[in-house]
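Asks: I need the structure of the sequence given here:
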Amino acid sequence: MSANNIKLLAGNAHPELALLISKNLSIPLSKIGVYQYSNKETSVTIGESIRDEDVYIIQTGIGEQEINDFLMELLILIHACKTASVRRITAVLPNFPYARQDKKDKSRAAITAKLIANLLQTAGCDHIITMDLHASQIQGFFRIPVDNLYAEPSVLNYIKTKTDINNAILVSPDAGGAKRVASLADKLDLNFALIHKERQKANEVSRMVLVGDVKGKSCLLIDDMADTCGTLVKACDTLLDNGAKEVIAIVTHGIFSGNAREKLQNSRLSRIVCTNTVPVDIDLPIVDQIDISPTLAEAIRRLHNGESVSYLFTNAPV
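Replies: Numbers count the residues shown, from 1 in each chain. Take a look at the predicted model:
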């Protein structure tokens, strides 16, 4: 692919993923400087000309304290590109920030995902590439095109090559993920089960009820993200208590905040698999990763060349 009229910019949220995308495209990362003053204000400078270029800014939504800093960094980067007369700005957000705040689920609550959409557009963003949105209707919060890619093709490859598929059953840890698990089950020709969970407050599950038969099966617990890992650990216990042979958790975004490390260390999970949409700094032997940089790189290549991106919804680039 020619590097003419295309620039890759990387924020500080996930430099490893940006380097992998850069390597896949054979395009070097552009020079940028991101500084933080002593009063915590963020300053961004771009170290080369980007006039009339097609710019892709890679920044993921992560962190317990840093997520707001990285979001502000992204907005300033977009605005710096806009004022430098670029042709088009595409924000590559593998994990969309604040995606779980997508509806007004209680009185006087904010729909923060809509606010993030407004901020990105106001800053000057022309296009969004993201992966496995927590709620796909977030695409409707934008007045600009949004390409929501799926980790499913890469997950399918992993399941086929690295699990005991002949004795497997797919499990959704909640009703909201049933559609995702049903889609995978159809493609793999497997049965699936469902866990109904009752919450007393956010991030805290009080009771779980299994719907389906998992006795003697290798359970593949599928979810879009693992944050505090409370749901996955409780779901694992529920499945094993109902006669499951083993439980492997497969998630797209391995956020692992709070005391997730301790929960995983003390859990009965055989393995937890996540993609590298966010940096994972947990070095436990049960943690495995799927590289999705080829999918993101191919999406950038296709978008730049005006080709269809829908091929990536069902196929993982080699």
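
Asks: now the strands for the stretch 1-150 of the chain?
Replies: For the stretch 1-150 of the chain, applying DSSP state E, counting those that start in this stretch gives strands covering 6-10, 32-36, 42-46, 54-58, 88-93, 127-131, 146-149.

Asks: nearest to Ile195, out of those?
Replies: strand 127-131 (24.1 Å; Cβ to Cβ). Every C-beta, even on glycine, is put in place using the N, C-alpha and C of the backbone.

Asks: check the offset of the closest one from the chain's centre.
Replies: Centroid separation between strand 127-131 and its chain, computed with Cα atoms, centre = their mean, to the nearest Å, is 11 Å.

Asks: show me what it is packed against.
Replies: Contact analysis of strand 127-131 by 3 or more Cβ pairs under 8 Å, 6 or more residues apart in numbering; DSSP states H and E lists strand 88-93, strand 146-149, helix 293-304 as its packing neighbours.

Asks: and it, which strands flank it?
Replies: Sheet pairing for strand 127-131, assigned by DSSP bridges, gives strand 88-93 (parallel), strand 146-149 (parallel).

Asks: one step back: ranking the helices and strands packed on strand 127-131 by burial, who's on top?
Replies: The highest average neighbour count among the helices and strands packed on strand 127-131, using mean count of other Cβ atoms under 10 Å, belongs to strand 88-93 at a mean of 24.

Asks: quick one: that strand to helix 293-304, angle?
Replies: Angle of strand 88-93 versus helix 293-304, following axes from the mean of the first three to the mean of the last three Cα atoms, to 10 degrees, is 160 degrees.

Asks: re earlier: I'd like the strands of the stretch 1-150 of the chain written out as JSON lines, with mean pLDDT added.
Replies: What follows is the strands of the stretch 1-150 of the chain, written out as JSON lines (pLDDT from 0 to 100):
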{"stretch": "strand 6-10", "mean pLDDT": "95"}
{"stretch": "strand 32-36", "mean pLDDT": "90"}
{"stretch": "strand 42-46", "mean pLDDT": "93"}
{"stretch": "strand 54-58", "mean pLDDT": "97"}
{"stretch": "strand 88-93", "mean pLDDT": "98"}
{"stretch": "strand 127-131", "mean pLDDT": "97"}
{"stretch": "strand 146-149", "mean pLDDT": "96"}
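
Asks: TSV please, covering those and showing distance to Ala185.
Replies: Formatted as TSV, these follow (distance: least, Cβ to Cβ, whole Å):
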stretch	distance to Ala185
strand 6-10	37
strand 32-36	43
strand 42-46	44
strand 54-58	32
strand 88-93	28
strand 127-131	21
strand 146-149	21
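
Asks: out of these, which is closest to Thr275?
Replies: strand 127-131 (7.8 Å).

Asks: return the per-residue confidence for the spatially closest residue to Pro153 that is not a sequence neighbour.
Replies: Once flanking residues are discounted, Pro153 sits nearest to Ala316: 3.8 Å by Cβ to Cβ, 6 or more residues apart in numbering. For Ala316, the pLDDT comes out at 91.

Asks: helix, strand, or coil at Ala316?
Replies: coil (DSSP: H, G, I helix; E, B strand; the rest coil).

Asks: using CSV, please lay out the helices and strands packed on strand 127-131 together with distance to Val171.
Replies: Output for the helices and strands packed on strand 127-131, formatted as CSV (distance: least, Cβ to Cβ, whole Å):
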stretch, distance to Val171
strand 88-93, 28
strand 146-149, 24
helix 293-304, 25
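
Asks: go through the ones you listed and name the closest to Lys23.
Replies: That would be helix 293-304 among the helices and strands packed on strand 127-131, by Cβ to Cβ, at 7.9 Å.

Asks: and that closest one with strand 6-10, angle?
Replies: Using the same axes, to 10 degrees, helix 293-304 lies at 140 degrees relative to strand 6-10.

Asks: ok so, going back, looking at the strands of the stretch 1-150 of the chain, which is nearest to Thr231?
Replies: Evaluated over the strands of the stretch 1-150 of the chain, closeness to Thr231 peaks at strand 127-131, with 20.2 Å, by Cβ to Cβ.

Asks: alpha carbons of that closest one, as PDB, please.
Replies: The C-alpha coordinates for strand 127-131 follow below in PDB (Å, rounded to 0.1, in the frame of the first residue of the first chain):
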ATOM      1  CA  HIS A 127     -15.200   9.100  10.600                       C
ATOM      2  CA  ILE A 128     -15.000   6.600  13.500                       C
ATOM      3  CA  ILE A 129     -13.600   3.000  13.500                       C
ATOM      4  CA  THR A 130     -14.400   1.000  16.600                       C
ATOM      5  CA  MET A 131     -14.800  -2.600  17.600                       C
END
